[in-house]
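1. after the sequence you'll find the predicted model.
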Amino acid sequence: MSSSFHFISGLPRSGSTLIGAILRQNPAFSASITSPVALLCGALQQKMSGNTEFATFFDDARRASLLRGVFGSYYANLGDNRVVFDTNRTWTGKIPLLASLFPSARIICCVRDIGWIIDSIERILAQNPLQLSRIFNYAPGMSVYARAEMLMNADTGLIGQAWSTLREAWFGDSAQRLIVIPYDNLVQEPARVLRQLYEELHEPPFQHDFDRVVYDEPEFDVQLGMPGLHRVEGKVAARPRLPSIPPDLFAKYAEAGFWRRSELNARGVKIL
């Protein structure tokens, strides 16, 4: 397969579905919500490691070839010469692997204030009061504080795990591969953000229609117990609102946005 690969990662509810929906307007691009490719690669790596009797049959060249084959097989239906954006929040924890497999790949990282991410998840829950979510192990009767604790768990939480691996990438040796897109910038200045993104990816300009961006994955969202989670429709625009979570919970994570502090950007991560 002669397609090139980039990756979409970062924090949940921070614009990854929106940026994918915009990029899909370009017929040369392919982008979607979270794919199983990262999971498949992880499973294959385990089988090629020392925990099986077949480990001696693998060297690094064969491992790399097989892992690239996962990408090639999964996206084979797209044909050749496409620019593929594979989405998974775990990619920020696997940048050395991605760099080895695809030396020119960049990782687009969508970010947003943690308080607003929690707020966004709570709003989706409130819109579906008759359903329980797999994100919270289908547990009924939890408080917003208990749900926030689950979300922020560094090992298993929807937000905490992504935040931890994003910090790992930000401060790591491969930080120059990151392209960070703050959610507010994307919804307030979509034309500028996309123009600069194309420049960073060395792709020819494309005229996107920011007034009609449409995408949905209803079946995926229903099995999560959160219908509408990945629905995008209409004009890209900021929609100011008051938080729906308690102010003390919002304030608890006010300092978590490390990407806003220039003194912490020693490696010069590109922020659009």
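-> Yes, it's here. Numbers count the residues shown, from 1 in each chain.
2. count of residues packed around S32?
-> By the measure other C-beta atoms under 10 Å, the count of residues near S32 is 19. Backbone N, C-alpha and C define where each C-beta goes, glycine included.
3. doesn't T87 make contact with it?
-> Yes. Contact criterion C-beta atoms under 8 Å: S32 and T87 qualify, at 6.4 Å.
4. identify the contacts common to the two.
-> Shared contacts of S32 and T87 (C-beta atoms under 8 Å, 6 or more residues apart in numbering): G20.
5. now do the SS call for Q207.
-> Following DSSP: H, G, I helix; E, B strand; the rest coil, Q207 is assigned to coil.
6. mind listing the helices for this protein?
-> Per DSSP state H, the chain carries helices over the ranges 16-23, 37-47, 60-74, 95-101, 114-127, 144-151, 160-170, 183-188, 190-201, 218-224, 247-252.
7. tell me the helices and strands packed up against the longest one.
-> This points to helix 60-74. helix 37-47, helix 95-101 (3 or more C-beta pairs under 8 Å, 6 or more residues apart in numbering; DSSP states H and E).
8. and the ones you listed: which comes nearest A55?
-> helix 37-47 (8.9 Å; C-beta to C-beta).
9. and F54, what are its phi and psi?
-> phi -100, psi 10 (degrees, to the nearest 10).
10. so what pLDDT did P227 get?
-> If you check P227, the pLDDT there is 85.
11. what residues are up against the nearest residue to it once chain neighbours are set aside?
-> Closest residue to P227 apart from its sequence neighbours, by C-beta to C-beta, 6 or more residues apart in numbering: D221 at 5.1 Å. Residues in contact with D221, defined by C-beta under 8 Å, 6+ apart, are P227, G228, L229, H230, R231.
12. ok, the third one touching I124?
-> Yes. With contact defined as C-beta under 8 Å, L229 and I124 form a contacting pair (5.7 Å).
13. neighbour count for those two, which is higher?
-> Neighbour count, other C-beta under 10 Å: between L229 and I124, L229 has more, with 24 against 19.
14. could you measure from that one over to I22?
-> Separation of L229 from I22 (C-beta to C-beta, to the nearest Å) stands at 18 Å.
15. do the same with H202
-> Distance from H202 to I22, by C-beta to C-beta: 18 Å.
16. which one's more surrounded, those two?
-> Neighbours of H202 and I22, each counted by other C-beta under 10 Å, are more numerous for I22; the result is 25 against 8.
17. list the contacts of that one.
-> P190, L194, H208, F210, V213, V236.
18. mind picking the two most distant members of these?
-> Going by C-beta to C-beta, the pair spanning the contacts of I22 furthest: L194 and V213, at 11.1 Å.
19. more crowded one of these two?
-> L194 (24 against 19).
20. show the pLDDT at the closest residue to the more buried one other than its chain neighbours.
-> In this structure, L194 finds its nearest non-sequential neighbour in H208, 5.8 Å apart by C-beta to C-beta, 6+ apart. H208 is assigned 97 on the pLDDT scale.
21. next: M1.
-> At M1, pLDDT is 52.
22. what bridges to the residue lying closest to E200 once chain neighbours are set aside?
-> Closest residue in space to E200, ignoring its immediate chain neighbours: I179 at 5.3 Å, by C-beta to C-beta, 6+ apart. On the basis of DSSP bridges, I179 is bridged to I108, K270.
23. what's the burial count for I179?
-> Neighbours of I179 using other C-beta under 10 Å come to 23.
24. before we move on, what about S244?
-> S244, neighbours per other C-beta under 10 Å, totals 13.
25. what's the answer for the one 10 residues further on, then?
-> Look at A254: counted by other C-beta under 10 Å, it has 10 neighbours.
26. any idea how far the residue nearest to P227 is from R134?
-> With C-beta to C-beta as the criterion, D221 and R134 are 11 Å apart.
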